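J.: Predicted model and sequence below, questions to follow.
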Amino acid sequence: MPNAQTNQKRSRSPNAITRAPLVSGGFQRVSKKRPCRICGRPYYCGYSTDERTSICMWVSDGSTYRGESKNGGNIHVHTDIAITPAVHQNVRPVPPSIPLATLEIRNAVFQELIRLSPASSYHPQLVSGPGGLYSRGLLEDHAKNYGALPPSQKERAALASALRKFVLDTFPVYGKLHSRAGVVGIPGFWQDPSGMVHIWKPRNYRMPILVIPYKDSEGLIQACQIRLHPNDILAGEKKYRWLASPLERRGTSSGTPIHFTFLTRDYPPGGTVVITEGALKAETLVRFRPKARVIATTGVSCSHSHIIEASRPYNALIAFDADHRTNPAVCRQLARLIAQRSKDSCEHGLSTATKIVFWKGSKGVDEAAQENIQLTTLGISEWYATLKDKPLEEVQRFWTEIGFKP
């Protein structure tokens, strides 16, 4: 029976190529101004500050490909770029890494954040208004599980200060570390040179920001995602981000944990779990399908090794967005997850099944459930038979490369 260790330890992906060593120095996320050199997308991927290494979340082949990274991305090394010019590039230096606080402390701080600054504090913007939690079909009781970040930097600093005091009072030994900063080591928090603690970015926003907890298999909050309001999203940017601060002074990365809507200790092996994208989507699905046990990753290309380990004892229904037959990149990632899970089951002597969830219309399975659209399932061979053109080519090429037969 999996427990909290399910998503605390990193298991190696069954089909992963031996990981190539990363170059020294820090990494930055791609953007609209600086998209990924491999796939051309302005989101999800990353690159080293010396420009010699790309971490592409979509493409795992080609002459630059060197293996799989720890976060499930694909390492590409650009041999056409020299190392020496990197010192002259106008890039933001990456601060020293701060160790992650224990799960107990992270859970307590995020719970307190939601208590002090609930989504209901900004009811029209985050709960009852257009695009709010109620629009997804969630109820008042569900809304209590989500927090909010104030739009102004000053208000967020006040919230961070209150949480610093909470850590000093509740976890005095930990609170004394890092010059009594308290919240340093918790993703999303950081400390400026004057000693003041902050949460999220050093800038103001037009609207409040929704905080979405990611819980482990025992119901403890490991990290949080945030959802920016459309008024604060620039063209080409994503509305969902990790509440993390790896590029800020004394900041910390959140990693890419997965989310459980159920406690694994209460659900015996042999049952069925649904695998989807995003904790908010997973919780919405459970709102309309109360018997569903859902495990969520942040995207089709993320945390495959965690998903495989967490779903190992169970039959799995994969319910990615409706483009899992038409988007070549999504099809490739789905094919990758299918193959890795199949190999993992064989290695552990299991006969658990993997199927794909289908529905007509609606982008996400949560929307389909909300609209009471019928959900059906297809076996892997049946799903494969529905593919054509570029999606089919992508899946065929990938499965041929790794020697997988559905």
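T.: That came in fine, so what should we check first?
J.: What pairs with the helix or strand bottoming out on mean pLDDT in the chain, parallel or antiparallel?
T.: Least confident element among the helices and strands of the chain, by mean pLDDT, DSSP states H and E: strand 65-68 (a mean of 72). Here strand 65-68 is paired, per DSSP bridges, with strand 74-77 (antiparallel).
J.: Nearest residue to Ala244 in space, please, no chain neighbours.
T.: Taking C-beta to C-beta, 6 or more residues apart in numbering as the measure, Ala244 lies nearest to Ser254, with 4.0 Å between them; neighbours along the chain are not counted. Where C-beta positions appear, they are placed from N, C-alpha and C, glycine not excepted.
J.: Sorry, slip of the keys, the one I care about is Thr170.
T.: Distances taken as C-beta to C-beta, 6+ apart put Ala108 closest to Thr170, at 6.3 Å, once the chain neighbours are dropped.
J.: Alpha carbons of the helix or strand hosting that neighbour, as PDB, please.
T.: For Ala108, the element it lies in under DSSP states H and E is helix 103-116. Only the C-alpha atoms of helix 103-116 are listed here, as PDB (Å, rounded to 0.1, in the frame of the first residue of the first chain):
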ATOM      1  CA  LEU A 103       6.600  18.200   4.900                       C
ATOM      2  CA  GLU A 104       5.200  18.800   8.300                       C
ATOM      3  CA  ILE A 105       6.300  22.500   8.300                       C
ATOM      4  CA  ARG A 106       5.200  23.100   4.700                       C
ATOM      5  CA  ASN A 107       1.800  21.600   5.300                       C
ATOM      6  CA  ALA A 108       1.300  23.700   8.400                       C
ATOM      7  CA  VAL A 109       2.300  26.900   6.800                       C
ATOM      8  CA  PHE A 110       0.200  26.400   3.700                       C
ATOM      9  CA  GLN A 111      -2.800  25.500   5.900                       C
ATOM     10  CA  GLU A 112      -2.300  28.700   7.800                       C
ATOM     11  CA  LEU A 113      -1.900  30.700   4.600                       C
ATOM     12  CA  ILE A 114      -5.300  29.400   3.500                       C
ATOM     13  CA  ARG A 115      -6.800  30.200   6.900                       C
ATOM     14  CA  LEU A 116      -5.400  33.800   7.000                       C
END
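J.: So what touches that helix?
T.: Counting by C-beta atoms under 8 Å, 6 or more residues apart in numbering, the neighbours of helix 103-116 from elsewhere in the structure are 4, 8, 100-101, 145-147, 159, 162-163, 166-167, 170-171, 174, 183, 185-187, 211, 213, 216, 220-224.
J.: and what of stretch 140-156?
T.: In this structure, residues lying in contact with stretch 140-156 by C-beta under 8 Å, 6+ apart are 110, 113-114, 117-122, 126-127, 133-134, 158-159, 198-213, 224, 226, 243, 283, 287.
J.: Which ones among those lie within strands?
T.: Among those, the subset assigned to strands under DSSP state E consists of His198, Ile199, Ile209, Leu210, Val211, Ile212, Pro213, Cys224, Ile226.
J.: Beta-bridge partners for the first one, please?
T.: On the basis of DSSP bridges, His198 takes part in beta bridges with Trp190.
J.: Number of residues surrounding it?
T.: Other residues lying near His198 total 23 when counted by other C-beta atoms under 10 Å.
J.: Then the second one?
T.: When neighbours are counted by other C-beta under 10 Å, Ile199 registers 27.
J.: likewise the one 5 residues further on?
T.: Each residue near Asn204 was counted by other C-beta under 10 Å, and the total is 13.
J.: Same check on the one 4 residues further on?
T.: A count of nearby residues for Pro208, using other C-beta under 10 Å, gives 23.
J.: Distance check, the closest residue to it other than its chain neighbours against Ser128.
T.: Counting by C-beta to C-beta, 6+ apart, Pro208 lies nearest to Tyr122, which is 4.1 Å off, once chain neighbours are set aside. Distance, Tyr122 to Ser128, by C-beta to C-beta, to the nearest Å: 10 Å.
J.: Could you do Pro35 as well?
T.: When distances are taken as C-beta to C-beta, Pro35 and Ser128 turn out to be 37 Å apart.
J.: Quick one: classify the residue nearest to Gly73 when sequence neighbours are not counted as helix, strand or coil.
T.: Sequence neighbours aside, Ile55 is the residue nearest to Gly73 in space, at 4.1 Å (criterion: C-beta to C-beta, 6+ apart). Secondary structure assignment for Ile55 (DSSP: H, G, I helix; E, B strand; the rest coil): strand.
J.: tell me which residues form a beta bridge with Ile55?
T.: For Ile55, the beta-bridge assignment (DSSP bridges) gives partners Gly46, Ile75.
J.: going forward can the numbers begin at 382, since that is how I track them
T.: Sure, I'll start counting at 382 from here, so that last one is Ile436.
J.: and it, how many residues sit next to it?
T.: A total of 24 residues lie near Ile436 under the criterion other C-beta under 10 Å.
J.: Derive a PyMOL selection command for the buried subset of the contacts of helix 484-497.
T.: To isolate the buried members of those in PyMOL, using 16 or more other C-beta atoms under 10 Å:
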select buried, resi 385+481+482+526+527+528+540+544+547+548+552+555+564+566+567+568+592+594+597+601+602+603+604+605
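J.: Narrow the contacts of helix 484-497 to those in strands?
T.: Counting by DSSP E, the part of the contacts of helix 484-497 found in strands is Gly528, Val592, Pro594, Ile602, Gln603, Ala604, Cys605.
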